[in-house]
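Enquirer: Sequence first, then the predicted structure:
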Number of protein chains: 2
Amino acid sequence: MSEGTKADDLALALEEAIVSGEIPPGSVLRQEHLSEQFRVSRTPVREALRRLAALGLVTFEPNRGVRVRSLSRDELREAFLVRAELESLATEIATPKMTPADLARLEEAERAFARATEELVEMSHAGRQDLQLARRWLLANHAFHDVIYAAAQVPLIERMAKAARRTFLVKPVWATGADLDDLYRRNVAQHRAIREAIAARSPEGARVLAREHVLSSGRLLEAILDKVAAQTREPLLTGSA
Amino acid sequence: MSEGTKADDLALALEEAIVSGEIPPGSVLRQEHLSEQFRVSRTPVREALRRLAALGLVTFEPNRGVRVRSLSRDELREAFLVRAELESLATEIATPKMTPADLARLEEAERAFARATEELVEMSHAGRQDLQLARRWLLANHAFHDVIYAAAQVPLIERMAKAARRTFLVKPVWATGADLDDLYRRNVAQHRAIREAIAARSPEGARVLAREHVLSSGRLLEAILDKVAAQTREPLLTGSA
DNA sequence: GTCGTCATTCTTGGATCCAATAGACGCGTA
DNA sequence: TACGCGTCTATTGGATCCAAGAATGACGAC
């Protein structure tokens, strides 16, 4: 128990587990199971679940249990629409506020993301699927955006954007491939463009770049999901034929 | 108990009470008090409080109780910034989707808001302060925007915008006066302009109008708070002098 | 007279216990 | 054999009970 009440710690742990895909969407969470797994009684378990429900990560079905929400394509698209707005606002606000230190952090995050992207593309050429690598790519991506959020110094935007971001991490699947290389690499270029607009102190420029970038990321994620769906449907069909 | 679990009903009731100002910001909520007030045990009370905490309406101070959050000026401004973004997005999306029935509803909401505004201005000239009337004005305002949210058909935007909106309803104070008449009436004109842009099927036009309108509403609210602060500080000072 | 310390009390956090609901299973009958 | 009914069990929702932490006030030392 790192800090605070057990209910809070538990909520954080569960949030992490859900968002990372460790607990897949659609699962039903048994209170007693969680309670013995985390060595606490059912009371804090239920309080933690209430919090997750308020965040939209799980849904209560009265007398039936709580289920980890799974997102439809529509909801995914919506999440990116919202994030695009919030993120463009954050970028606009952050631009005049960025200190040289912030810019340095941003550039470092940009490099780390570029490296992660290259690793991912190489992995794809090697024909392997490494969820761990994909997850690191995602985190490197987030790290870049987090620098901007932090510099904007508007806690509400940060909170809401991260809430929107959380919602689409729930798929424990990933895909790469030659057809996706371009989309992956485009993200890297966009990060660079955003950083340069910020460095040039152009709030409007940075704003539109940020918006377009997030929307483009959404299209990438949709392409990934399409590919995963195609890959997993085929075996099923051949298996059942 | 209308429906669902007691914890859920209770959470809704408390949310309403907090948002309407019935429970003022800064109050400490005693679990036992709530439990006997609502004739339930402390267990559902605490679950409801967890939900409110996740929504940001209250904060848990471990072993000390839960406190109704009060917003700083900065947070108020942030809420309006976020709402301006979300609302302009919703308006843009809604514009091509609005049916004639939607437009009729929007016009009706516009009229109701205009009436509420005139009542408020008249009240101010009569030198009275009627919180109930102010609250109806606020609700009429929200009703107009709700038509747009509904037409946009993007649940996530609606949820988040309403979350941002909730945060600034927590002040059980209001102010009117000749100096504010213009600001109040400007809102009416802006509603009209937004509706006309939507009717003219101009998503971009409606978008910028919506954005400017929300930001302008924020300035109005800040002016109101300033005036209230000025009014309440004076008696305090003369009282202590 | 003031400051610090210790005990008491009040309130929360957590555990356990009981009630109520939904689903599963089996039995009987058509 | 299939359908309907009743019971039985698994699991949640809610109440009560116990422990732990924080505020308060009294007492004593300086």
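Expert: Yep, that arrived. Keep in mind that this is a model prediction, so the values were computed, not measured. Numbering: from 1, shown residues only, chains lettered A, B, ... in the order given.
Enquirer: List the buried residues for the lengthiest helix in chain A?
Expert: Criterion DSSP state H: the longest helix present in chain A is helix A:203-240. Buried residues in helix A:203-240, counting neighbours by 16 or more other CB atoms under 10 Å in any protein chain shown, are found at A:205-207, A:209-211, A:213-218, A:220-221, A:224-225, A:227. Backbone N, C-alpha and C define where each C-beta goes, glycine included.
Enquirer: list the helices and strands the helix or strand bottoming out on mean pLDDT in chain A packs on?
Expert: In chain A, no helix or strand scores lower on mean pLDDT, DSSP states H and E than helix A:203-240, which sits at a mean of 82. When contacts are defined as 3 or more CB pairs under 8 Å, 6 or more residues apart in numbering or on different chains; DSSP states H and E, helix A:203-240 sits against helix A:73-97, helix A:178-199.
Enquirer: Contact residues of chain A facing DNA strand D?
Expert: Proximity of chain A to DNA strand D, by CB under 7 Å from any atom of the strand, involves residues A:28-32, A:42-43, A:46, A:60, A:62-65.
Enquirer: What subset of these is buried?
Expert: Buried, going by 16+ other CB under 10 Å: A:L29, A:Q31, A:R46, A:F60, out of these.
Enquirer: from those, which is closest to DNA strand C?
Expert: A:R46 (8.7 Å; CB to the nearest atom of the strand).
Enquirer: before we move on, which element is the closest one in?
Expert: Element membership of A:R46 [criterion: DSSP states H and E] is helix A:42-55.
Enquirer: Give me the distance from that helix to the chain's centre.
Expert: Chain-centre distance of helix A:42-55: 22 Å, with CA atoms, centre = their mean, to the nearest Å.
Enquirer: Report the next helix or strand after that helix in sequence order.
Expert: Next along from helix A:42-55, by DSSP H and E: strand A:58-61.
Enquirer: Tell me the buried residues in the next helix or strand after that following strand?
Expert: Using DSSP H and E, the helix or strand that follows strand A:58-61 in sequence is strand A:65-68. By neighbour count on 16+ other CB under 10 Å, the buried set for strand A:65-68 is A:V66, A:V68.
Enquirer: So what touches stretch A:55-64?
Expert: Contact with stretch A:55-64 is made by A:15, A:18-19, A:29, A:49-50, A:52-53, A:66-69, A:163, A:166-167, A:170, B:4-5, B:8, B:54, B:159, as judged by CB atoms under 8 Å, 6 or more residues apart in numbering or on different chains.
Enquirer: To clarify, my last question referred to stretch A:140-151.
Expert: With CB under 8 Å, 6+ apart, stretch A:140-151 has contacts from A:87, A:90-91, A:94, A:97-99, A:102, A:105-106, A:109-110, A:112-113, A:115-116, A:157-158, A:161-162, A:165, A:187, A:191, A:194, A:198, A:210, A:217.
Enquirer: and the angle for the least confident helix or strand of chain A with helix A:73-97?
Expert: 150 degrees (axes from the mean of the first three to the mean of the last three CA atoms, to 10 degrees).
Enquirer: Tell me where chain A is predicted with low confidence.
Expert: Low-confidence segments of chain A (pLDDT under 70): A:1-3, A:168-173, A:233-241.
Enquirer: interface residues of chain A facing DNA strand C?
Expert: Going by CB under 7 Å from any atom of the strand, the residues of chain A near DNA strand C are A:T5, A:K6, A:A7, A:V40, A:S41, A:R42, A:T43, A:P44, A:E47, A:P62, A:N63, A:R64.
Enquirer: For the fifth one, grab phi and psi.
Expert: Backbone torsions for A:S41, taken as degrees, to the nearest 10, come to phi -80, psi 180.
Enquirer: can you tell me how far it sits from B:R115?
Expert: 55 Å (CB to CB, to the nearest Å).
Enquirer: before we move on, what about the last one?
Expert: Taking CB to CB as the measure, A:R64 falls 46 Å from B:R115.
Enquirer: What parts of chain A come near chain B?
Expert: Residues of chain A found near chain B (CB under 8 Å from any CB of the partner chain) are A:4-5, A:7-8, A:43, A:46-48, A:50-56, A:60, A:62, A:75, A:78-79, A:81-82, A:85-86, A:88-89, A:93, A:154-157, A:159-160, A:163-164, A:167.
Enquirer: Can you name the residue of chain A nearest to chain B?
Expert: Of all residues in chain A, the one sitting closest to chain B is A:A54 (3.4 Å; CB to the nearest CB).
Enquirer: Just to check, that residue is in contact with B:E47?
Expert: No: between A:A54 and B:E47 there is no contact under CB atoms under 8 Å: 10.3 Å.
Enquirer: so which helix or strand takes in the closest residue in space to A:E78 that isn't next to it in sequence?
Expert: Once flanking residues are discounted, A:E78 sits nearest to B:L156: 4.2 Å by CB to CB, 6 or more residues apart in numbering or on different chains. If you go by DSSP H and E, B:L156 is part of helix B:155-166.
Enquirer: could you check the angle helix B:42-55 makes with that helix?
Expert: Using the same axes, to 10 degrees: helix B:155-166 against helix B:42-55 is 100 degrees.
Enquirer: ok, residues contacting helix B:155-166?
Expert: By CB under 8 Å, 6+ apart, helix B:155-166 touches A:56, A:75, A:78-79, A:81-82, A:156, A:160, A:163-164, A:167, B:15, B:19, B:55-57, B:79, B:82-83, B:86-87, B:89-90, B:93, B:142, B:145, B:149-150, B:152.
Enquirer: Many thanks, we can stop here.
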